[in-house]
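>>> sequence first, then the predicted structure, then my questions.
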Amino acid sequence: MSKESSAMTDAPLVIDCRQVTRTYNEGPEKLTIFADISLEVAAGETVAIVGSSGAGKTTLLNLLGGLDRPSSGQISICGQDMSRLSEAARARFRNRHLGFVYQFHHLLPEFPALENVMMPCVLGGMSVVQAREKARTLLGQVGLAERLSHKPGELSGGERQRVAIARALVNEPDCVLMDEPTGNLDEHTGEGVQALIESLRDQLGIAFVMVTHDMRMARSLGRVLRLEQGRLIQEI
């Protein structure tokens, strides 16, 4: 087992992952993706998870986000044991405490940027008026104040990813989980998104957990862990 502690800080834990194992059945065989992984992430910390394709990075991120259940072990988010929640309760909990950003932005193509960012708030029960104001403010923070009415197809790749980041932040989550957020962007645009992540982390005190192949970005953002042969190892 590899026990990765959070950075030396008195900040409360956002993620507390203890001895987590994930296996899948492939016919008569049992495939172990990883075993006995432990991880702590403190509020305001940025953790990058790197590793080869097929190592299980996205699987781990899905477990941390409550999108999948571990075969064994425990994952707590903000002190809540996710295994004790029903599917509906987990969805409500994710909406309140977690944000998600993917390599492909997953914006709704028929809605403009403003409405895409409003969506998590409205689904969480916030009034449309309040959700619109929050979304407008966040889109301004990510440099898209002039693009509120543009649909995803009318935005560049970097702009779409900025909308996705604003959407992930709109409910003021404790942690944002990011799966290759710059993997589909050119180097210049990716650097802009990286700078945005750093700025938002420092301004808002939100934790970020990022899966990435980009070692330069991983090292610049914070603690780097490598998922290798089913174990999580601290990068030196």
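Great, that's in hand. Numbering: from 1, shown residues only.

>>> is the spatially most central residue of the chain in a helix, a strand, or coil?
Computing the C-alpha centroid of the chain and ranking residues by C-alpha atoms, centre = their mean puts L177 first, at 0.8 Å. Assigned with DSSP: H, G, I helix; E, B strand; the rest coil, L177 falls in the strand class.

>>> who are the contact partners of it?
Applying C-beta atoms under 8 Å, 6 or more residues apart in numbering, we find L177 in contact with L61, L64, G65, L98, G99, F100, V101, V209, M210. C-beta: built from backbone N, CA, C; applies to glycine.

>>> for it, name its beta-bridge partners.
F100, V209 (DSSP bridges).

>>> do the same with I49
With DSSP bridges as the rule, I49 is bridged to V211, L225.

>>> quick check: it touching L225?
Yes: contact criterion C-beta atoms under 8 Å: I49 and L225 qualify, at 5.2 Å.

>>> angle of the helix ranked longest in the chain against strand 175-179?
Taking DSSP state H as the criterion, the chain has its longest helix at helix 187-204. Interaxial angle, helix 187-204 versus strand 175-179 (axes from the mean of the first three to the mean of the last three C-alpha atoms, to 10 degrees): 170 degrees.

>>> can you mark which positions in helix 187-204 are buried?
For helix 187-204, the neighbour count (16 or more other C-beta atoms under 10 Å) marks T189, G190, E191, G192, V193, Q194, L196, I197, E198, L200, R201 as buried.

>>> and of those, the nearest to A43?
R201 (10.6 Å; C-beta to C-beta).

>>> relative to V176, how far out is that closest one?
9 Å (C-beta to C-beta, to the nearest Å).

>>> overlap in contacts of these two?
In contact with both R201 and V176: A207, F208, using C-beta under 8 Å, 6+ apart.

>>> assess the claim that P173 and F93 are in contact.
No: when contacts are counted by C-beta under 8 Å, P173 is not listed as touching F93 (10.6 Å).

>>> who has more neighbours, those two?
P173 (23 against 16; other C-beta atoms under 10 Å).

>>> and the nearest residue to the more buried one once chain neighbours are set aside, what pLDDT?
Spatial nearest neighbour of P173, excluding adjacent residues (C-beta to C-beta, 6 or more residues apart in numbering): G99 at 4.2 Å. What the model reports as pLDDT for G99 is 88.

>>> can you give me the neighbour number for G99?
Using other C-beta under 10 Å: G99 sits among 25 other residues.

>>> how near is the residue of the chain positioned farthest from its centre to R22?
For the chain, the residue at maximal distance from the C-alpha centroid (C-alpha atoms, centre = their mean) is P28, at 33.8 Å. Remark: distance between P28 and R22 (C-beta to C-beta) = 19 Å.
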